[in-house]
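In: How does the following fold in three dimensions:
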Amino acid sequence: MSPGVSCLFSERENMITLFFKKALQDILSNRFLNSVTIVTIGLSILIVSSFALFFINTNALLDFWKKGIRVLVYLEPQATEANRLDLRYQIQQMENVQEIHFISKETGLKRLKNQMKNHSSLLENLKENPLPDTFEIRIIDASRELTEVAALAEKIKSLSQVEEVEYGQHWIAKFSHIINIFKFVGYAMGGLFLFATLFIIANTIRLVLYSRKEEIEIMRLVGSNDRFIKAPFYIEGLILSALGGIVGLTALFTAYRFLLSKFHTSLSLGLLEIKFLSIEQFFLFIGGSMLVGWIGCYLSLKQFLKN
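Out: Model (predicted):
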């Protein structure tokens, strides 16, 4: 490397170091204002990431449910043995059907009594078995999208001697409705808090700019270009937003660990583990926070340097 190129790199390193020192000095000299900024950003990231964590785990719950999905076909009371055999054959020929098992109403009642061991006396005085004969269908793993399951259920329901088809569709409808409400609230809250973050960062940088107005004017008079003037403020905005993101995600992780330690059995459902954000998602939130910080700086600097 030639001496000229080496000197150029050394000069750039010194400039970057100078910009970082200046940004840190500004942050430390306005501790209260910058603390409020960091907390506000942290709160915004906490709200947005909480909703993201909720959506991640509800989607995992739906995937977990789909792995164990069964389609139950309830037969009409008057269905004969010949009807059942014919119906079984028709269902077996359908696409996406992996296995089919017949559960007689007597077997169904025995299963129900076993499941209600502590309250089995409620079923002892039944004059007749109220349960229908049932086919339990297991579908192919690759065909567990809800639209495909619904299409299969509708096809089966149209067959003769079928009274009802059940695969948890009522539960799914309620669950999907709740998720949609949370999505709407999540987007609205996320947008509101991100806008608040943008506003806070822009105001923070604007106040710093006005407090250093004379210094900036002198820098301009001695020939400093806008890029040289802007650099420390961009670095300051990026540092503040990164710290805010870390504070918000740390608060989320603390809350996650606390809830997991208190309600691990009920939250995990014994089988489904409640997940936290992945490393990629963690850094995505930090990057998003820094992007908002950069935009806030850009807006303040653009307005200030115009005047």
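In: all helices for the stretch 151-300 of the chain, in order.
Out: Ranges of helices within the stretch 151-300 of the chain are 169-211, 213-221, 226-262, 264-268, 279-306, based on DSSP state H, counting those that start in this stretch.
In: Backbone dihedrals for Ile274, please?
Out: Per-residue torsions, Ile274: phi -80, psi 130 (degrees, to the nearest 10).
In: Tell me how many other residues crowd it.
Out: By other Cβ atoms under 10 Å, 17 other residues sit near Ile274. Where C-beta positions appear, they are placed from N, C-alpha and C, glycine not excepted.
In: cool, and the one 3 residues further on?
Out: The tally of other residues near Leu277 (other Cβ under 10 Å) stands at 18.
In: how close does it get to Ser50?
Out: For Leu277, the distance to Ser50 equals 10 Å [Cβ to Cβ, to the nearest Å].
In: Find residues that contact each of those two.
Out: With contacts defined as Cβ atoms under 8 Å, 6 or more residues apart in numbering, the residues shared by Leu277 and Ser50 are Leu252.
In: sorry, back to before: want to throw the helices of the stretch 151-300 of the chain into a markdown table with mean neighbour count and distance to Glu106?
Out: Output for those, formatted as a markdown table (neighbours: other Cβ atoms under 10 Å; distance: least, Cβ to Cβ, whole Å):
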| stretch | mean neighbour count | distance to Glu106 |
| --- | --- | --- |
| helix 169-211 | 15 | 26 |
| helix 213-221 | 12 | 88 |
| helix 226-262 | 18 | 43 |
| helix 264-268 | 11 | 35 |
| helix 279-306 | 17 | 51 |
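In: Looking at these, spot the one closest to Leu24.
Out: Across the helices of the stretch 151-300 of the chain, Leu24 has its closest neighbour in helix 226-262 (7.5 Å, Cβ to Cβ).
In: now that closest one, how far from the chain's geometric center?
Out: In terms of Cα atoms, centre = their mean, to the nearest Å, the centre of helix 226-262 is found 19 Å from the chain centre.
In: again with stretch 219-226
Out: 47 Å.
In: avg pLDDT for it?
Out: Over the span of stretch 219-226, the pLDDT mean works out to 74.
In: any idea how far Leu75 is from Gly108?
Out: 11 Å.
In: and if you look at His170?
Out: Using Cβ to Cβ, one obtains 20 Å as the distance from His170 to Leu75.
In: Check Gln98 too.
Out: Using Cβ to Cβ, we find Gln98 at a distance of 20 Å from Leu75.
In: rewinding a little: so what sits against both of Gly108 and Leu75?
Out: Counting by Cβ under 8 Å, 6+ apart, the shared contacts of Gly108 and Leu75 are 132-134.
In: and Thr17, how many neighbours does it have?
Out: By other Cβ under 10 Å, 10 other residues sit near Thr17.
In: Show the model's pLDDT score for Gly68.
Out: If you check Gly68, the pLDDT there is 65.
In: so what's the nearest residue in space to Asp226 that is not next to it in sequence up against?
Out: Leaving aside its sequence neighbours, Asp226 sits nearest to Leu305 (Cβ to Cβ, 6 or more residues apart in numbering; 5.9 Å). If you count contacts by Cβ under 8 Å, 6+ apart, Leu305 has them with 226, 229-230.
In: which of the residues you listed lies closest to Leu61?
Out: Scanning these for proximity to Leu61, where the rule is Cβ to Cβ, the winner is Lys230, at 47.0 Å.
In: got a list of what the closest one touches?
Out: Taking Cβ under 8 Å, 6+ apart as the contact definition, Lys230 lies against 297, 301, 305.
In: what do you get for Val48?
Out: Counting by Cβ under 8 Å, 6+ apart, Val48 touches 186, 189-190, 193-194, 285.
In: export these to TSV and tack on pLDDT and distance to Asn203?
Out: Converted to TSV, these look like this (pLDDT from 0 to 100; distance: Cβ to Cβ, whole Å):
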residue	pLDDT	distance to Asn203
Gly186	80	26
Met189	81	21
Gly190	78	20
Phe193	80	15
Leu194	79	15
Phe285	92	23
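In: right, and the pair among those residues with maximum separation?
Out: Met189 and Phe285 (15.0 Å).
In: what about the stretch 51-200 of the chain, any weak spots by pLDDT?
Out: For the stretch 51-200 of the chain, the stretches with pLDDT under 70 are 66-68, 112-130, 141-144.
In: Let me see the ranges of the strands in it.
Out: Secondary structure of the stretch 51-200 of the chain (DSSP state E, counting those that start in this stretch): strands at 71-75, 97-103, 134-139, 162-166.
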